[in-house]
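In: Show me the folded form of this:
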Amino acid sequence: MRGPGRPRAERQSRRLDTIPRDAVTGHGQAVRGRPSSRHPRTGLVHEAELPTLHDQRQPILEMAHRLEAEAVCPYAAGSARMRGMDDFYADVLDHVGRPPREFGSVHLHVEPVIRNPLGQATAVVWFQAAFEPLATTPSSVLVMGRQKQGSAHRMLGQFPLPPLAGGRVVRWRLPLELPPEFDEVHFQVESSLHPNAGRVRPAWKLFDTLEIPKESDMKAVSSEVSMGIDLGESLLNTVMSGGLSVTAYMKMGPQVSPGSLAVKRHAAATLPTAFIAAVVDGPLEPLSDLQCELVWEPGMALPAASAAPSWSTEPTPAMAAHVLKTLRTCYACGFEGPREEYERATMCPRCDATWM
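Out: Predicted coordinates:
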């Protein structure tokens, strides 16, 4: 109850001070940290109290950042081994110019397979772990000979993955028997994730893209001034003044369409389920058995960086001349495109492998 002898100016000042800082605006949205300046008689709302497009967009940004974090490391929630980027192992394959593909818990890169006239071939395969701890179930790589333009295929072998725990990077020299009708080799990795696996190297895979609405895209439904009668203020002033009193109010400010605030998700491009390596005919000294080489482990110096691209830009004499003139091939995913169209491209349009 207000004292009857208190001056009206003091009563108005106290009423302004008692309005909470998290006042509800004319649009029914709480604005934290903004002092209310609604007039006690007219109901006019100060401009600082109206919701802005920034207020509408902030929750969307927070949600997008959360979704992005879950996409980059979807298996790290609840993991006993969550790491920051500074704690990752060195990305050796990227360092030496062999951009990998990610299959389960493993990064894999295969150089073009060299085959001699007798059908003897050698594949150079690079491995590094993407997650730790590694699963206890057996992991392997299935090697298949295939045709680009045909349906013929043949299993060339299935091999258990080398030990990759502790950040080890391994390179294979794998002998194969590859008949002349096959012009590409598919390496399909079977590797499951440990329930408590955490990422230990940057991701080499495609994720869905989140499109966050821009402020310029948020269309205001209405920015007109709305007016009305404040029944509560009118009744209170009528009782206090002893006569009829009507209090009007006016509100102004943009209202944003809810549909324009939605975050759009664009699905990632679908990549082949295997790493596709091209076959290059040329001289080759055949191997009698698989050779496994330790390239790097923590404590060793990084191998010399290589500028050798995974996309072929220089003609190879052993390859067909008409293919060299018309097509460029990505050895990471097997994509082929017209040379005239992709002459100046620096990355594969399908898998983003580097094209120097």
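In: Now do the helices in this structure.
Out: Secondary structure of the chain (DSSP state H): helices at 8-18, 53-72, 92-95, 231-241, 321-326, 339-342.
In: hey, least reliable of the ones you listed by pLDDT?
Out: Here the lowest mean pLDDT among the helices of the chain goes to helix 8-18, at a mean of 45.
In: and Arg168, how many neighbours does it have?
Out: 19 (other CB atoms under 10 Å). All C-beta atoms are positioned from the backbone trio N, CA, C, and that covers glycine.
In: ok, now which ones touch it?
Out: Remark: with contacts taken as CB atoms under 8 Å, 6 or more residues apart in numbering, Arg168 is in contact with 128-129, 162, 294, 296-297.
In: Could I get the average pLDDT for stretch 158-172?
Out: 95.
In: Per the annotation, how does the chain divide into domains?
Out: For the chain, automatic domain parsing gives the domain ranges 8-51+220-256, 85-208+267-304, 309-356.
In: who does Ala129 bridge with?
Out: Beta-bridge partners recorded for Ala129 (DSSP bridges): Val106.
In: What about it, how many residues nearby?
Out: Ala129 has 25 neighbours, counted by other CB under 10 Å.
In: Let me see the contact set for it.
Out: 89, 105-107, 164-165, 167-168, 200-201.
In: how much space is there between it and Leu287?
Out: Ala129 sits 25 Å away from Leu287, going by CB to CB, to the nearest Å.
In: Same check on Pro163?
Out: Counting by CB to CB - Pro163 and Leu287 are separated by 21 Å.
In: How about Arg339: what's its closest non-neighbour residue?
Out: Leaving out its chain neighbours, the residue that sits closest to Arg339 by CB to CB, 6 or more residues apart in numbering is Arg328, at 5.2 Å.
In: Surely that neighbour touches Glu336?
Out: Yes: the criterion here is CB atoms under 8 Å, and Arg328 meets it with Glu336 at 7.0 Å.
In: The two: who's more crowded?
Out: Taking other CB under 10 Å, Arg328 and Glu336 do not tie; Arg328 has more neighbours (21 against 15).
In: So what pairs up with the more buried one in the strands?
Out: Counting by DSSP bridges, Arg328 is bridged to Gly337.
In: That one and Val200, how far apart?
Out: 33 Å.
In: likewise Val106?
Out: 11 Å.
In: shared neighbours of these two, which are they?
Out: Common neighbours of Val106 and Val200 (CB under 8 Å, 6+ apart) are 129-130.
In: Contact partners for Ala123?
Out: By CB under 8 Å, 6+ apart, Ala123 lies in contact with 110-111, 113, 143, 172-174, 176, 185, 187, 277.
In: what do you get if the cut-off is 6 Å, keeping everything else the same?
Out: Contact analysis of Ala123 by CB atoms under 6 Å, 6 or more residues apart in numbering lists 113, 174, 176.
In: And for Leu290, the neighbour number?
Out: Neighbourhood size, Leu290 [other CB under 10 Å]: 14.
In: which residue sits closest to it, ignoring its sequence neighbours?
Out: Spatially, and ignoring its direct neighbours in sequence, Leu290 is nearest to Leu174 (5.5 Å; CB to CB, 6+ apart).
In: Compute the number of surrounding residues for that neighbour.
Out: 23.
In: One more: His153?
Out: Neighbours around His153, by other CB under 10 Å: 12.
In: Show me what Val189 bridges to in the sheet.
Out: For Val189, the beta-bridge partners under DSSP bridges are Val141.
In: what's the pLDDT at it?
Out: In this model, Val189 carries a pLDDT of 95.
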